[in-house]
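> next come a sequence and a model predicted from it.
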2 protein chains.
Amino acid sequence: MASSGDPEFISSSTPLPPDGNDNYFKFDVILRFLLFAASLVTVVVMVTSNETKLVLFQGIPVPQPAKFGYSPAFIYFVTAFSVSGLYSIITTLASLSVVKKPHLKTNFLLHFIFWDSLILGIIASATGAVGGVAYVGLKGNKHLGWGKICGTYDKFCSHTAGSFAVALFGCVVTLLLIWLSAYAMQRRIPK
Amino acid sequence: MASSGDPEFISSSTPLPPDGNDNYFKFDVILRFLLFAASLVTVVVMVTSNETKLVLFQGIPVPQPAKFGYSPAFIYFVTAFSVSGLYSIITTLASLSVVKKPHLKTNFLLHFIFWDSLILGIIASATGAVGGVAYVGLKGNKHLGWGKICGTYDKFCSHTAGSFAVALFGCVVTLLLIWLSAYAMQRRIPK
């Protein structure tokens, strides 16, 4: 059986059964599907946030829309989660395909960590960007003279808040994916 | 050596020479030091961005300061990079300490990936938050009635831009750290 310098490991030195790794890939598929669902909800909720209100302009009520396309941060957000949604479909299929091919698994784990961490960087920065701008919209910033808009645009703001919350969940799922791949990889290293 | 159910492993069962891993840990130390330097520069440049200008208020010039503490996004940014700076010191020491103890290396790799990915999520979201708010400060947003402030506060804006650029570099370094740990871990798996 496996040799090891670790006393705890010797007492339970059975290498990982193939089933264990398959279980890992099952969790992986579930998490990737969750990432897909989170990305989809994030994008749909944000894209459907358009709202038009009558705003007084020089005493005359003028229809004034609010939509995500008005802010580059929101455009980046929608783009990033569209990419992560597409990415999660591709990697869910990849993860499903590899369940039956144990010899390919290790390479897949490495690629999963590589790409998952890149995606984490992209969606975390997008979530941060929307969070930063949305907070200004919610509270305003009196020092900079930026008025809050959430009193006026309720639907736009509630959609943004919902989208932000789901996006945060998507970031946590991506972090868990990296942790899961790293853990599965470490279990394949002989002690 | 370790037993394995994987047929390919038996045919090329030479494990990685210790030198290869030591080289990995050297790169790791260098990257962690870079992350420390980037975090330090990011925080210092942002904290020293205070600027006071005379702004007309009802026809009277009033001294009006701009500082990072006025925006929660900027406070989060400084906090996140203070954490990553502290984290990089601790992990640089950990990485240095493990160069001489090969039997601990594998566990360190797993922990490095765990914590590095968490730090990546934190600093990427902070960089995104500052990027989103700073872009509004740079260009304004006429749809939302938010005026740009970068015409008035030149020093504050150039400090923010510099800090943002170094923060982005810090995010890339953290991503490379995850990739390096994953690669080093994969090389320890028998083929």
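On my side now, so go ahead.
> every contact and neighbour count from this point should use C-alpha atoms.
OK.
> where does A:Asn50 land on pLDDT?
pLDDT for A:Asn50: 86.
> equivalent analysis for A:Asp6, please.
At A:Asp6, the predicted lDDT confidence score is 42.
> what is the neighbour count of A:Leu34?
18 (other Cα atoms under 10 Å in any protein chain shown).
> for A:Gln58, that is, sorry about that
When neighbours are counted by other Cα under 10 Å, A:Gln58 registers 7.
> how about stretch A:69-84 and chain B, any contact?
Yes - under the criterion of Cα under 8 Å from any Cα of the partner chain, stretch A:69-84 makes contact with chain B via A:70-73.
> which of those are buried?
A:71-73 (16 or more other Cα atoms under 10 Å in any protein chain shown).
> switch these over to CSV; also include secondary structure and pLDDT.
CSV is the format used below for those (DSSP: H, G, I helix; E, B strand; the rest coil; pLDDT from 0 to 100):
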residue, secondary structure, pLDDT
A:Ser71, coil, 89
A:Pro72, helix, 92
A:Ala73, helix, 93
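> which of those residues lies closest to chain B?
The nearest member of those to chain B, counting by Cα to the nearest Cα, is A:Ala73 at 5.4 Å.
> tell me which two in the residues of stretch A:69-84 next to chain B are the farthest apart.
Farthest-apart pair in the residues of stretch A:69-84 next to chain B is A:Tyr70 and A:Ala73; separation 8.9 Å (Cα to Cα).
> helix or strand with the lowest mean pLDDT in chain A?
Ranking every helix and strand in chain A by mean pLDDT, DSSP states H and E puts helix A:7-11 at the bottom, with a mean of 39.
> check which helices and strands the helix or strand immediately after that helix in the chain is in contact with.
Sequence-wise, the next helix or strand downstream of helix A:7-11 (DSSP states H and E) is helix A:18-47. When contacts are defined as 3 or more Cα pairs under 8 Å, 6 or more residues apart in numbering or on different chains; DSSP states H and E, helix A:18-47 packs onto helix A:72-98, helix A:154-187.
> as a quick check, tell me the outermost residue of chain A.
In chain A, counting by Cα atoms, centre = their mean, A:Gly59 sits farthest out from the average C-alpha position, at 44.0 Å.
> list the contacts for that one?
By Cα atoms under 8 Å, 6 or more residues apart in numbering or on different chains, the contact list for A:Gly59 is empty.
> for the residue most central in space within chain A, give its distance to chain B.
Taking Cα atoms, centre = their mean, the centroid of chain A lies closest to A:Gly170, which sits 3.0 Å from it. Here the criterion is Cα to the nearest Cα, to the nearest Å. By it, A:Gly170 lies 11 Å from chain B.
> hang on, that residue packs against A:Val43?
No - contact criterion Cα atoms under 8 Å: A:Gly170 and A:Val43 do not qualify, at 11.6 Å.
> for stretch A:173-191, what does the pLDDT average out to?
pLDDT averaged over stretch A:173-191 gives 90.
> is chain B contacted by that stretch?
Yes - remark: stretch A:173-191 sits within contact range of chain B at A:175, A:178-179, A:182-183, A:185-186, A:188-191, by Cα under 8 Å from any Cα.
> of those residues, grab the buried ones for PyMOL.
Burial among these is assessed by 16+ other Cα under 10 Å; the matching PyMOL selection reads:
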select buried, chain A and resi 175+178+179+182+183+185+186+188+189+190+191
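> tell me the one of the residues of stretch A:173-191 next to chain B nearest chain B?
A:Ile189 (4.7 Å).
> let me see the backbone angles for that closest one.
phi -80, psi 130 (degrees, to the nearest 10).
> which residues are in contact with it?
Under the criterion of Cα under 8 Å, 6+ apart, the neighbours of A:Ile189 are B:185, B:188-190.
> just put these in TSV and tack on distance to A:Lys105.
Below are the contacts of A:Ile189 laid out as TSV (distance: Cα to Cα, whole Å):
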residue	distance to A:Lys105
B:Met185	14
B:Arg188	14
B:Ile189	11
B:Pro190	12
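> widest-spaced pair of those residues?
Across the contacts of A:Ile189, the longest distance by Cα to Cα is 10.5 Å; it joins B:Met185 and B:Pro190.
> could I have stretch A:48-60 exported to CSV, CA atoms only?
The C-alpha atoms that make up stretch A:48-60 are tabulated as CSV, following Å, rounded to 0.1, in the frame of the first residue of the first chain:
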residue,chain,number,x,y,z
THR,A,48,-35.2,42.9,-17.0
SER,A,49,-34.6,45.7,-14.6
ASN,A,50,-35.6,48.5,-17.0
GLU,A,51,-37.9,51.1,-15.5
THR,A,52,-39.2,54.4,-16.8
LYS,A,53,-40.5,57.1,-14.4
LEU,A,54,-41.7,60.6,-15.0
VAL,A,55,-39.1,63.0,-13.6
LEU,A,56,-39.6,66.7,-13.3
PHE,A,57,-37.2,68.5,-15.7
GLN,A,58,-37.6,72.3,-15.5
GLY,A,59,-41.0,71.9,-14.0
ILE,A,60,-42.2,69.5,-16.8
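> tell me how far that stretch lies from the chain's centre.
Stretch A:48-60 has its C-alpha centroid displaced from the chain centroid by 32 Å (Cα atoms, centre = their mean, to the nearest Å).
> repeat that for stretch A:26-46.
With Cα atoms, centre = their mean, you get 8 Å for stretch A:26-46.
> quick one: contacts of it?
Against stretch A:26-46 from outside (Cα under 8 Å, 6+ apart): A:68, A:78, A:81-82, A:84-86, A:88-89, A:91-92, A:95-96, A:159-160, A:162-164, A:166-167, A:169-170, A:173-174, A:176-177, A:180-181.
> buried residues, that stretch. List them.
Neighbour count says stretch A:26-46 has A:28-29, A:31-43, A:45-46 buried, by 16+ other Cα under 10 Å.
> now do stretch A:138-155
Buried residues in stretch A:138-155, counted by 16+ other Cα under 10 Å: A:140-141, A:144, A:146-150, A:153, A:155.
> now do stretch A:96-113
A:99, A:103, A:105-106, A:108-113.
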